Structures are given as structure tokens and as C-alpha cells.
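Undergrad: quick one, structure for this:
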Amino acid sequence: MTPTDSRRSVVPPYLLHAVAQAAEFPRAASAARTALASLELVQSPKHQHLVAPRGVSGSGTVDRSPQRTIADARGTTTLPGAVVRHEGDPDTGDAAVDEAYAGLGATHAFWLDVFGRVSIDGAGLPLDATVHFGQDYDNAYWDGSRMVFGDGDDEVFRRFTIALDVIGHELAHGVTQYTADLTYQGQAGALNESISDVFGSLVAQYAAGQTAEQASWLIGEGLFTDAVRGDALRSMRAPGTAYDDPVLGKDPQPATMTDFVVTTDDAGGVHTNSGIPNHAFFLAATAIGGYAWQGAGAVWWDALTSDAVTASIDFAGFAAVTIDAAGSRFGAGSAEHTAVQDAWRTVGVLD
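TA: Sure, this is the predicted structure:
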């Protein structure tokens, strides 16, 4: 099978719509309208990739080192832009270039060190990124072959290379593309988004050496300027609390199935309802304790690379796979097995 090329962006459409209507932030409103328009132009496949076998890891002659290339769009929307930094080159002094380079490296290190996976495809795929995309572009996205970063508008959003978890989130869409290739619609799409939040958060936690208890569990922390009353785009610890701003409104993510949002917007609410599996992961990770990538993260990885996860799987189906994975990895009735079961029950996915 071959995954389609669509933008998997970190800022949800519902937040961009709120920014686009904010007269208080005229520059941001214009930038958000541009970002929204760009999302509507990428529904047709452009790039095709063969999906690698699930869980494949580099071996033999595969180069296990990162192969990074950073290009500069110089304020245009033409990709890839002019290459300004290759693998092994020194810092350029351009913050966006150097942050993107470091973030790609940290993400590559996480997948290799923790799961033995060589790059996002498991076979050494070069990691390409473009910075300074567009004018005040209010998003970062994975397009099926590269990372693209906007500079933000400086009224609502700062530059998108500053948050390592955002880089990890977007590249995790690539990992999903090469493994379960979850359909970007409805509950499967919300799982797609959630898995990117899970592993994006774990990339940042691994780089910082944080335990589950020490982590903030915020996605996109630091992206908002001081003009916004909010900490981040999303909170895995407490979905629905990441921001509450008089202009932009309140974070709409539900934490449990009681508040599941039925909508046709955003491919069936993929960025909204992802709060439910996000919260389940947080609950499992903190109940297990220690480093989350060794506990709940390992379980979610086993699930993502399991043949039991189909492209159209729903929350309950994925929950069942993670429970089986926890039992297989840590033992039936183990603390980890129980924590995963309890987490899915607490968020109302399972009875």
C-alpha cells in the first residue's frame, strides 16, 4: 500500500479559524487565513512512498547516522528552497535553521536509541526540512517527504522550530505513514494525531532526560506569544486546559468519551478527539512511572507496529491492541498491563 501525501500540521484548523477572526491580532489573522487556505490545497497525492515492513529496523549496510538537509524557502511557498545546511555542517547563526537541524537530530536519536529504528522509515530515510516557509506562516507540517516550518506571526505564534515536541510530532506522522498508515479520518485519524503527540512528547522527554512525573505533557509549549493566555496547543495531562484566551477561546479537547465531539470538520475532529487517547497515554505512563518511553511508550510502539492495528482502527480496537501488547511485553497481570487497562477505562473507551 502507499500512503497519500497530505499535510499533517501541528496547529489544528479550529485554532487557526479562531486566529483568523481575531481583529485584535490583524497580522496573525491574515497569517492564519493563509495557513487555512494552504491546508485546502493539498488533498491530492503528490509524493508516494512504499510502506516499509512494520517495525523494521536498520541493519546490514544501512547508515545509522542522521542524514539531515535544511533548506530555506526565504519567505516563499516554493519547496524545497535553497539548501543552507547539510549533515555535519556547523551552526549557521540562523535560529530556525539550527533549531530544525538539532530537532531532526534529536528525533533521529530517540528512534534509534529507544527502538533501534534507523530514521522514520526504519531504513535510514534522509531527514529533510524547509524553514522560513511563507510570510508569517502559522504552522509546521509533514508533507509525506519533508518537514516544513513557518516563522509564525509574532502576535499569536512564535517560530515553529522552537518546540522540539512539534518536530517530534511531525516526524512521528512519518513513522505512522511507514507503519500502520492510519487513515486520517474519524477515530483512526484522531489516533494518528494522538500517536504523533505521544511520540513528539517522548522525543522531548528523552532529550531532556525527564521522567513521566517530571514532564509537562504539553504539546507546543512556548509557541504562543505573551499576548495569548495559554501554555501550549494541547495538554495530555489535562486535555481542554492548554489555553483559555478571551480572543482565541478555550481549548476544546475532550479528556474522555463523555465529551467526544461529533463533527465533520477537521476530518471528523482528528485534532479535537485526539485528546482522549492522549489522556489515556498520560494516565498509563504516569501510573507506570519512570521514563515513559520505557513503559507506556514501548507498549504504544508495539501496538503501532502490530499487524492487529488496521488503517481504520477505532479507539476501542487500538486500546485492545495496547492491552495485549502490555501483557506480552511486561506480563499478564503486571503493573504495566493493569495501568494500560485502567487508563483506557478511565477515559471511557473501555467499560
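Undergrad: buried stuff in the longest helix belonging to the chain?
TA: Looking across the chain with DSSP state H, the single longest helix is helix 186-208. For helix 186-208, burial by neighbour count (16 or more other C-beta atoms under 10 Å) applies to 186-207. For glycine as for every other residue, the C-beta is placed from the backbone atoms N, C-alpha and C.
Undergrad: what's the answer for stretch 62-78, then?
TA: For stretch 62-78, the neighbour count (16+ other C-beta under 10 Å) marks P66, Q67, R68, T69, I70, A71, D72, A73, T77 as buried.
Undergrad: next structured bit after the host helix or strand of the fourth one?
TA: Element membership for T69, per DSSP states H and E: strand 68-72. Later in the chain than strand 68-72, the nearest helix or strand by DSSP H and E is strand 82-86.
Undergrad: quick check: buried residues in that following strand?
TA: Buried residues in strand 82-86, counted by 16+ other C-beta under 10 Å: V84, R85.
Undergrad: tell me which strands and helices that strand is in contact with?
TA: strand 68-72, helix 95-115 (3 or more C-beta pairs under 8 Å, 6 or more residues apart in numbering; DSSP states H and E).
Undergrad: G103: what's it in contact with?
TA: Residues in contact with G103 (C-beta atoms under 8 Å, 6 or more residues apart in numbering) are T161, L164, I167, G168.
Undergrad: now, among those residues, which is nearest to P126?
TA: Nearest to P126 out of the contacts of G103 is I167 (C-beta to C-beta; 15.5 Å).
Undergrad: dihedrals phi and psi, the residue nearest to Y243 when sequence neighbours are not counted?
TA: Nearest residue to Y243, sequence neighbours excluded (C-beta to C-beta, 6 or more residues apart in numbering): G230, at 2.4 Å. Dihedral angles of G230 (phi, psi; degrees, to the nearest 10) stand at phi -180, psi 160.
Undergrad: residues making contact with stretch 228-244?
TA: Applying C-beta under 8 Å, 6+ apart, the set of residues contacting stretch 228-244 is 10-12, 15, 156, 197-198, 201, 216-224, 245-246, 248, 250-255, 274-276, 278-279, 281-282.
Undergrad: let's see which of those end up in strands.
TA: Judged by DSSP state E, those include L218, I219, D245, K250 as members of strands.
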